[in-house]
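*Asks:* Can you look at this prediction? I've put the sequence above it.
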Amino acid sequence: QRYDSNEDDRELGIHSSSMYLLLLSIPGSNAFRVFHPVLFLKTLDILKLTTKLNVGATSPKKGSRGSRSSHRKSSEDHADGNEDEEAELSYLSPSEANKLIRSLNILLNDLLRLSNRFSLKHSAEALDETINVLIEITRSEIHNAQGVFVQRHSANSVSSLAYNAYVALQNLCNPLHGNPKSIITTIMKYIINNILMVPRGSSDLSTRALSVIREHSVIFVKYLIVQLLKDSLEGAFILVQHICLRVPDKADFREKAAKSVIEILKVFPIKEYSQIIKWLYNFSQHEKAGHRMFTLEVISKLITEDERIQESEDNSSSAPCDRDLTSDSETPGSENNLSIPGKALLTSAANRHILSHNFLLYIIFSRCQDSAATVRSKALFLLSECARSNNPTIIEAMKQVFLNKDVVSLRQSPISGSESSESSDTEEVNAFQLPEAEKVLLMLRRRALDEKVMVRKSALQVIESLMKLKEEMVTMDSLKVLADHCRDPALLIRKQMIHSLSSIVERYPANEAAVKILVKGVLPLILDPEIKVQEKVVEVGIW
């Protein structure tokens, strides 16, 4: 089981583990008390060789062979079994790796046989550790996410290890091993690190490798939801909530995590989908700015998807009967309330509101006056993207706000970590209304005077996008706002205003007010102290 064991010792250990699993698989083994928790956990430790020996790695880093030999020498001098010794990773030669993978696949097949015949119901620790180890094995596939499930694999391929591990995980969801809901929740607990692209230990996996692990983990989660619908929804709901809570505060990680959330939500039934959208609305008011920011990241991807259609109650709750993953051709608010709400399901009318893009716009509008500048900027940027969108439902929602004179005002959502009562939350969600144009434009003009450069830039981009929505939005007040910012102290804003005013004139060349503001606002910038601004004015060609 040690990372520095020689090939013969590893093979003996694997054969011993395989023999023990076969003994457990014999009907009636319980009567002879063959199962022993310690022995079983030792057997699982053998499977950890996939991570200890970097089975999925293509090639070692420069100097790693030397470090391996020196580390072996060091381990001989320090035979006390210190865990720090195992922190340094080793690499195998191609022939050693192929032989090890083939042997581990045999051991995994024995574990698959065991999962169909022997119950782990009475040993929660063994079941928990089995799930943990199997998910660790899935991290071996770092090259082709789709290929894990749709291709046939040779016995000595890393993909076969990952595939067999996923099959074993699905087998463990059988009632033979206990409550399927509890087992699936445990699977979600361990697989979340794969989805969040969190490296384990001293792993030096690249971002690309972590992304592949994330992709095939999401595919498996979706497969569980489709195949084990009723038993998997609670665990999947909690998984989505924990992804939102635990995503690293980095832009690329947020983007990948949000994409994973969207992929998982695509296979949610309508009722549960509506509940998670309502939870996201509450989460958008979380006291932590990072959580509010991630909510907007999810909303930005949700709003580009087609609107979900309200289904009948029977259709939304029916589950497929096929529960087996046996063929390589099959494709599979708050921190204190991380579970599916136990209250009555939302009404069909409420669902229709929550499923609409209008409700997503409602969340975006509510964050435009957030206390955190990064959140304000993100919300305004999304609003600008919506104004430029080609999606018919988004265009219709934007026109409802800015071209419909009968729409009443939006209530501003407070930014607070405290939770209001469920009834008041439900009333606010069910009674949401988009704001009227005058109040939105007033808010945008205030945001255009924000102390943060990126907030000003985003607000001005929204004003520009709204004017391009329809010519009647090109008012003298809005044009003056853009013209005033031609003298903004920030170079980024001045350059943006040159582009904005010129693009508005290109869109509406017959609009005299726009042409006049372009000349008065942009022409003096030819004398700007910054060369880049002068060049931008020359590019416009208003001479």
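*Replies:* Received the coordinates, thanks.

*Asks:* which SS state does D204 fall under?
*Replies:* Applying DSSP: H, G, I helix; E, B strand; the rest coil to D204 yields a three-state assignment of coil.

*Asks:* what about it, neighbour count?
*Replies:* 12 (other C-beta atoms under 10 Å). Where you see a C-beta, it was placed from the backbone N, CA and C, and this is true even at glycine.

*Asks:* M398: neighbour count?
*Replies:* The tally of other residues near M398 (other C-beta under 10 Å) stands at 24.

*Asks:* Pretty sure it sits against K470.
*Replies:* No - M398 is not in contact with K470 according to C-beta atoms under 8 Å; the separation is 9.7 Å.

*Asks:* Lowest mean pLDDT among the helices and strands of the protein, which one is it?
*Replies:* Lowest on mean pLDDT, DSSP states H and E among the helices and strands of the chain sits helix 64-77, with a mean of 42.

*Asks:* follow-up on the earlier one: between M398 and K470, what contacts are shared?
*Replies:* Residues touching both M398 and K470 (C-beta atoms under 8 Å, 6 or more residues apart in numbering): there are none.

*Asks:* May I have the longest helix seen in the chain as CSV, with CA atoms only?
*Replies:* Criterion DSSP state H: the longest helix present in the chain is helix 94-117. These are the backbone C-alpha positions of helix 94-117, laid out as CSV (Å, rounded to 0.1, in the frame of the first residue of the first chain):
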residue,chain,number,x,y,z
PRO,A,94,4.5,3.3,-18.8
SER,A,95,4.8,-0.5,-18.4
GLU,A,96,4.4,-0.2,-14.7
ALA,A,97,1.4,2.0,-15.0
ASN,A,98,-0.3,-0.3,-17.5
LYS,A,99,0.2,-3.3,-15.3
LEU,A,100,-1.0,-1.4,-12.2
ILE,A,101,-4.1,-0.1,-14.1
ARG,A,102,-5.0,-3.6,-15.3
SER,A,103,-4.6,-5.0,-11.8
LEU,A,104,-6.7,-2.2,-10.3
ASN,A,105,-9.4,-2.8,-12.9
ILE,A,106,-9.6,-6.4,-11.8
LEU,A,107,-9.9,-5.3,-8.2
LEU,A,108,-12.6,-2.8,-9.2
ASN,A,109,-14.5,-5.6,-11.0
ASP,A,110,-14.4,-7.6,-7.8
LEU,A,111,-15.7,-4.6,-5.9
LEU,A,112,-18.5,-4.4,-8.5
ARG,A,113,-19.4,-8.0,-7.8
LEU,A,114,-19.3,-7.3,-4.1
SER,A,115,-21.7,-4.3,-4.4
ASN,A,116,-24.3,-6.5,-6.1
ARG,A,117,-24.1,-9.4,-3.5
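
*Asks:* Now do that helix, average pLDDT.
*Replies:* For helix 94-117, the mean per-residue pLDDT is 90.

*Asks:* Now that helix: buried residues?
*Replies:* Of the residues in helix 94-117, 97-112, 114-115 count as buried by neighbour count, 16 or more other C-beta atoms under 10 Å.

*Asks:* now swap in stretch 174-190 and tell me
*Replies:* 177-178, 180-181, 183-190.

*Asks:* other SSEs contacting the longest helix of the chain?
*Replies:* helix 7-25, helix 37-47, helix 49-52, helix 158-172 (3 or more C-beta pairs under 8 Å, 6 or more residues apart in numbering; DSSP states H and E).

*Asks:* could you dump those helices to TSV with distance to Y273, mean pLDDT and mean neighbour count?
*Replies:* Output for the helices and strands packed on helix 94-117, formatted as TSV (distance: least, C-beta to C-beta, whole Å; pLDDT from 0 to 100; neighbours: other C-beta atoms under 10 Å):
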stretch	distance to Y273	mean pLDDT	mean neighbour count
helix 7-25	40	90	17
helix 37-47	36	92	17
helix 49-52	35	73	21
helix 158-172	23	93	24
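
*Asks:* of all those helices, which lies closest to N144?
*Replies:* Nearest to N144, of all the helices and strands packed on helix 94-117, is helix 158-172, at 6.9 Å by C-beta to C-beta.

*Asks:* So which other helices or strands are in contact with the next helix-or-strand element following that closest one?
*Replies:* For helix 158-172, the following helix or strand on the C-terminal side (DSSP states H and E) is helix 180-195. Using 3+ C-beta pairs under 8 Å, 6+ apart as the contact criterion, the elements in contact with helix 180-195 are helix 124-138, helix 158-172, helix 207-227, helix 229-246.

*Asks:* 10 Å - rerun?
*Replies:* Packing contacts for helix 180-195, counted by 3 or more C-beta pairs under 10 Å, 6 or more residues apart in numbering; DSSP states H and E, involve helix 124-138, helix 158-172, helix 207-227, helix 229-246, helix 251-265.

*Asks:* That helix: how far from the chain's middle?
*Replies:* Averaging C-alpha positions (C-alpha atoms, centre = their mean, to the nearest Å) puts helix 180-195 15 Å from its chain's average.

*Asks:* tell me the contacts of the residue lying closest to S389 once chain neighbours are set aside?
*Replies:* Nearest residue to S389, sequence neighbours excluded (C-beta to C-beta, 6 or more residues apart in numbering): I395, at 6.4 Å. I395 makes contact with 357, 386-389, 469, according to C-beta atoms under 10 Å, 6 or more residues apart in numbering.

*Asks:* Of these, select the buried ones using a PyMOL command.
*Replies:* The following PyMOL line selects those of the contacts of I395 that are buried, judged by 16+ other C-beta under 10 Å:
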select buried, resi 357+386+387+388+389+469
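
*Asks:* Mind putting the contacts of I395 into TSV with secondary structure?
*Replies:* Formatted as TSV, the contacts of I395 follow (three-state DSSP):
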residue	secondary structure
H357	helix
C386	helix
A387	helix
R388	helix
S389	coil
L469	helix
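
*Asks:* Kindly present the contacts of I395 as JSON lines, with separate columns for distance to A373 and pLDDT.
*Replies:* Below are the contacts of I395 laid out as JSON lines (distance: C-beta to C-beta, whole Å; pLDDT from 0 to 100):
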{"residue": "H357", "distance to A373": "26", "pLDDT": "88"}
{"residue": "C386", "distance to A373": "20", "pLDDT": "91"}
{"residue": "A387", "distance to A373": "21", "pLDDT": "89"}
{"residue": "R388", "distance to A373": "23", "pLDDT": "88"}
{"residue": "S389", "distance to A373": "24", "pLDDT": "88"}
{"residue": "L469", "distance to A373": "26", "pLDDT": "86"}
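
*Asks:* of the contacts of I395, closest to I225?
*Replies:* H357 (23.8 Å).

*Asks:* thinking again about what came up before, now do the longest helix of the chain: distance to the chain's middle.
*Replies:* Centroid separation for helix 94-117 versus its chain: 31 Å, with C-alpha atoms, centre = their mean.

*Asks:* One more: stretch 270-277?
*Replies:* 17 Å.

*Asks:* Mind listing what's buried along it?
*Replies:* 270-277.

*Asks:* Any idea which residue is closest to the centre of the chain?
*Replies:* A257 (2.0 Å; C-alpha atoms, centre = their mean).

*Asks:* Tell me who's in contact with the closest residue to it other than its chain neighbours.
*Replies:* Ranked by C-beta to C-beta, 6+ apart and with sequence neighbours excluded, the top spatial neighbour of A257 is V247, at 4.2 Å. By C-beta under 10 Å, 6+ apart, the contact set of V247 is 195-198, 253-258, 260-261, 290-291, 293-294, 297-298.
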